[in-house]
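Student: Sharing a model prediction with you, sequence too.
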Amino acid sequence: MTTKEMQEAILKWKKEQDCCILAHCYQTHDILEVADFVGDSFGLAQKAAQTNCKRVMMCGVRFMAETVKILSPEKQVYLPKAEAGCPMAEQLDVEMLQQMKEIYPEHCVVAYINTTAALKTLCDVCVTSSSAVDIIRKIPNKKILFIPDCNLGDYVAKQIPEKEFQLMHGGCPTHVRITVKDVEKARAAHPDAELLVHPECQPAVTAQADYVGSTTGIMNYAAKSDKKSFIIGTENSIVQHLGMQFPDKLFYPLSKDCVCHNMKVTTLADVLHCLQGVDGEEIQMPEDVMQKAKVCIEEMLRLGN
């Protein structure tokens, strides 16, 4: 099948299956073209909850599909490729977090959305990369235990010096590949370009950026900016997507190595096979886990995500 033929088959099957397809921004462009919604993980979960579809497919990684299921427990939620995990979400387990809570009993436990549902059951509030600063500012507690990304935690802590942060030694193995040397090379090669980076990057990298924000924030900034060239410091698929969306502008990867292999494990064929019921995994969790994990998400929404 050609790409177009496979996409047409997917559109046919998703209608027959009453399935809403969600695609995270880091998916390949051929998948984005058949998705009902494209965006960041939590925003997609919210979109799915607002639809009347019986089934939802999350083209992303496991923790994202879990979040969809937590917000839409009545729907059948599928991950088209069972192997699509997230090293950052999985680098901390429940036992380790319980130990940290015992060491820091006076701290409010803040979970980045990039965590497993099991970890969220032990947390007080959840945040996204775009909402973290605002949400944590509103938390009454002055002491914050932030999990799991120390780079995002460091970025947030610098914006809120009045609070005391305890960070975990963890983060995104994709964004951490970007170095200061990459910044120097990119600036030298493209001196007129603005540097837009994700806060999961190392502090030394974000310190040199013209803009720091979530994936959606980066894309929105590039869309609204009068500048004509940009260096993109996040997963390299964003370079392609922006180039397709704004062909009159130039986009350069900050590092050729900023590629999330877990995101790229899902292919267009996997989407079709999942719809056909021959591959993929339905996300199922114990009711008590979903209920407990939802508490910190609801607190984020209460505080004004």
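Tutor: Structure received.
Student: Could you check how many residues crowd around residue 228?
Tutor: 12 (other Cβ atoms under 10 Å). C-betas here are computed from N, CA, C, even on glycine.
Student: Isn't it up against residue 249?
Tutor: Yes: between residue 228 and residue 249 there is a contact at 5.4 Å, judged by Cβ atoms under 8 Å.
Student: where does this protein dip in pLDDT?
Tutor: 305 (pLDDT under 70).
Student: got the buried residues for the longest helix along it?
Tutor: Criterion DSSP state H: the longest helix present in the chain is helix 287-303. Within helix 287-303, the residues that count as buried by 16 or more other Cβ atoms under 10 Å are 289-290, 292-294, 296-297, 299-300, 303.
Student: ditto for stretch 16-27
Tutor: For stretch 16-27, by 16+ other Cβ under 10 Å, it's 17, 19-27.
Student: swap in stretch 92-109?
Tutor: For stretch 92-109, by 16+ other Cβ under 10 Å, it's 92, 97, 100, 107-109.
Student: can you name the two of the residues you listed that are farthest apart?
Tutor: 92 and 108 (16.8 Å; Cβ to Cβ).
Student: for the stretch 101-250 of the chain, what spans make up the helices?
Tutor: 117-120, 132-138, 150-159, 180-189, 203-206, 215-224, 237-245 (DSSP state H, counting those that start in this stretch).
Student: Could you list every helix and strand in contact with the last one?
Tutor: When you say that, I think you mean helix 237-245. helix 29-32, helix 215-224, strand 229-233, strand 250-253 (3 or more Cβ pairs under 8 Å, 6 or more residues apart in numbering; DSSP states H and E).
Student: orientation of that helix relative to strand 229-233 in degrees?
Tutor: 150 degrees (axes from the mean of the first three to the mean of the last three Cα atoms, to 10 degrees).
Student: how about helix 237-245 as PDB, C-alpha atoms only?
Tutor: Output of helix 237-245 as PDB, limited to C-alpha atoms (Å, rounded to 0.1, in the frame of the first residue of the first chain):
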ATOM      1  CA  SER A 237       9.900  15.800  14.400                       C
ATOM      2  CA  ILE A 238       8.800  19.300  15.400                       C
ATOM      3  CA  VAL A 239      11.300  20.600  12.800                       C
ATOM      4  CA  GLN A 240       9.500  18.700  10.200                       C
ATOM      5  CA  HIS A 241       6.000  19.600  11.400                       C
ATOM      6  CA  LEU A 242       6.800  23.300  11.600                       C
ATOM      7  CA  GLY A 243       8.400  23.200   8.100                       C
ATOM      8  CA  MET A 244       5.300  21.700   6.700                       C
ATOM      9  CA  GLN A 245       3.000  24.200   8.400                       C
END
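Student: tell me which residues of it are tucked away?
Tutor: Buried, per 16+ other Cβ under 10 Å, within helix 237-245: 237-239, 241-242.
Student: now the angle between helix 215-224 and it, please.
Tutor: Going by the same axes, to 10 degrees, helix 237-245 makes 30 degrees with helix 215-224.
Student: Could you do the fourth one as well?
Tutor: Taking the same axes, to 10 degrees, one finds helix 180-189 and helix 215-224 inclined to each other by 10 degrees.
Student: For the longest helix of the chain, name the packing helices and strands.
Tutor: helix 62-71, helix 117-120, strand 125-127, helix 132-138.
Student: What are the buried residues along the last one?
Tutor: The reference is to helix 132-138. 132-133, 135-136.
Student: out of these, who's nearest residue 49?
Tutor: For the buried residues of helix 132-138, the nearest to residue 49 is residue 135 (19.4 Å; Cβ to Cβ).
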